[in-house]
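Trainee: okay, here's the prediction I keep looking at, along with the sequence it came from:
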Amino acid sequence: GSRKYSFYGNYVVEKLSSDLCSLGFTIVSGMARGIDTLAHTAAVKSGGRTIAVLGSGIDVPYPPENKMLMEKIADSGCVMSEFAPGTQPDRENFPRRNRLISGLSLGVLVVEATAESGSLITASCAAEQGKEVFAVPGNINSKNSAGTNSLIKTGAKLVQNVEDIKEELAPVLKGFIKAKEK
């Protein structure tokens, strides 16, 4: 999702990430500023699993302010990179990283995205890989919703709650989804 998120985006990503973790899903994202950070943080706070895929070397936390988050993820999840140690977070690394994010996932959920968002690259990779693409609808007057609304127009599954994702992925996950009572 977007680096610059709205109150709505913040609420939605925290709710969906926590709810998905409670069902046993693992949150996979790129540890970027904004929606990515919120998704990882919600997963860690809820005691769920999360995987951070870096666009830099494993020893180069990016963004630097997420160093503590990276350490927390490493304690209870996974931090990974296909780049050699010491690799700086260059612009061309992120589309490659996005390909791995979608490759590790059963589906890709875009919460907020502008029309030029890197999240749309991840969604495109997911579609090419035969993965499910999900998008949260947003305000038609908001730049942060242009990308998500466009994804929905072109066939992404509209997501209003965790049940929308669970329903779509249920055939693949038969027997793996946790019951809410547990």
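Mentor: Noted; the coordinates are in hand.

Trainee: which residues touch the helix-or-strand element of the chain with minimal mean pLDDT?
Mentor: Every helix and strand of the chain was ranked by mean pLDDT, DSSP states H and E. The lowest is helix 162-173, at a mean of 91. Outside helix 162-173, the residues that touch it by C-beta atoms under 8 Å, 6 or more residues apart in numbering are 16, 19-20, 23, 106-107, 109, 132, 134, 157-159, 177. The C-beta positions use only the backbone N, C-alpha and C, and glycine is treated the same way.

Trainee: Glu163: neighbour count?
Mentor: Counted by other C-beta atoms under 10 Å, the residues lying close to Glu163 total 12.

Trainee: how near is it to Gly118?
Mentor: Distance from Glu163 to Gly118, counting by C-beta to C-beta, to the nearest Å: 28 Å.

Trainee: do the same with Lys4
Mentor: Distance from Lys4 to Gly118, by C-beta to C-beta: 13 Å.

Trainee: mind giving me the packing neighbours of whichever strand or helix holds Leu151?
Mentor: Under the criterion of DSSP states H and E, Leu151 resides in helix 143-153. Judged by 3 or more C-beta pairs under 8 Å, 6 or more residues apart in numbering; DSSP states H and E, the packing partners of helix 143-153 are strand 107-110, helix 119-128, strand 132-135.

Trainee: mind listing what's buried along it?
Mentor: Of the residues in helix 143-153, those buried by neighbour count under the rule 16 or more other C-beta atoms under 10 Å are 143-152.

Trainee: one more: stretch 18-35?
Mentor: Buried residues in stretch 18-35 (16+ other C-beta under 10 Å): 18-23, 25-32, 34-35.

Trainee: that older thread, export the helix holding Leu151 as PDB, just CAs?
Mentor: Output of helix 143-153 as PDB, limited to C-alpha atoms (Å, rounded to 0.1, in the frame of the first residue of the first chain):
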ATOM      1  CA  LYS A 143      -5.500   9.900  -4.800                       C
ATOM      2  CA  ASN A 144      -4.800   7.100  -2.400                       C
ATOM      3  CA  SER A 145      -7.700   5.100  -3.700                       C
ATOM      4  CA  ALA A 146      -7.100   5.500  -7.400                       C
ATOM      5  CA  GLY A 147      -4.900   2.400  -7.600                       C
ATOM      6  CA  THR A 148      -7.200   0.200  -5.500                       C
ATOM      7  CA  ASN A 149     -10.400   1.300  -7.300                       C
ATOM      8  CA  SER A 150      -8.700   0.700 -10.600                       C
ATOM      9  CA  LEU A 151      -7.700  -2.800  -9.500                       C
ATOM     10  CA  ILE A 152     -11.300  -3.600  -8.600                       C
ATOM     11  CA  LYS A 153     -12.500  -2.200 -12.000                       C
END
